[in-house]
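> Here is a sequence together with a model predicted from it:
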Amino acid sequence: MEENKQLLEIASQSAKYAYAPYSNFKVGAALLTDDGLVFTGCNIENASYGLCNCAERTAVFKAVSEAKTNLKKIAVAVEDINRTVYPCGACLQVLAEFMYDGSVIISKNGEPEEIKVKDMLPYNIVLDKT
């Protein structure tokens, strides 16, 4: 799907803004809302690793802080779009909170692969919101 490829490219570009002086592992994210807005994020490290923030959570927090909670899908990529990266467990829990029925787009050899959040984190602590 062309939309997923575009989101991966935006995520890869966002990785260039990452603040990663300790790991040199730069990750970017591009989050699409149901109404077509895209929020980007990058990982932000800190000398105290517990205070670091991943790209996915940065994008989600930016969207939610702008009153957008209708999140559809999020692409995750590093600068080298041919490299595959997945959200960590903390990010998956945040994604489950806001977009359990949404999707994560990852790059498999430069091509988008779409995976449902609920398939990546089937057992989570989000209460039934139905």
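In hand now; what should we look at?
> Can you give me every residue that contacts the residue nearest the centre of the chain?
The centre of the chain sits closest to Glu56, judged by Cα atoms, centre = their mean, with a distance of 3.1 Å. Glu56 sits next to Ala29, Leu31, Gly41, Ile74, Val76, Pro87, Cys91, Val94, Leu95 when contact means Cβ atoms under 8 Å, 6 or more residues apart in numbering. All C-beta atoms are positioned from the backbone trio N, CA, C, and that covers glycine.
> For Ala96, see how far away the fifth one is.
Right, Val76. Per Cβ to Cβ, to the nearest Å, Val76 is found 15 Å from Ala96.
> Surely Leu8 and Ala77 touch.
Yes. Proximity of Leu8 to Ala77 meets the contact threshold set by Cβ atoms under 8 Å, at 5.3 Å.
> shared neighbours of these two, anything?
Common neighbours of Leu8 and Ala77 (Cβ under 8 Å, 6+ apart) are Ser107.
> So which other helices or strands are in contact with the longest helix belonging to the chain?
With DSSP state H setting the assignment, residue counts place helix 2-14 as the longest helix in the chain. For helix 2-14, the packing partners by 3 or more Cβ pairs under 8 Å, 6 or more residues apart in numbering; DSSP states H and E come out as strand 27-33, strand 38-42, strand 71-78, strand 103-108, strand 111-116.
> Rebuild these as TSV, extending it with distance to Lys62, mean neighbour count and mean pLDDT.
TSV is the format used below for the helices and strands packed on helix 2-14 (distance: least, Cβ to Cβ, whole Å; neighbours: other Cβ atoms under 10 Å; pLDDT from 0 to 100):
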stretch	distance to Lys62	mean neighbour count	mean pLDDT
strand 27-33	8	26	98
strand 38-42	5	22	98
strand 71-78	11	26	97
strand 103-108	17	21	96
strand 111-116	22	15	96
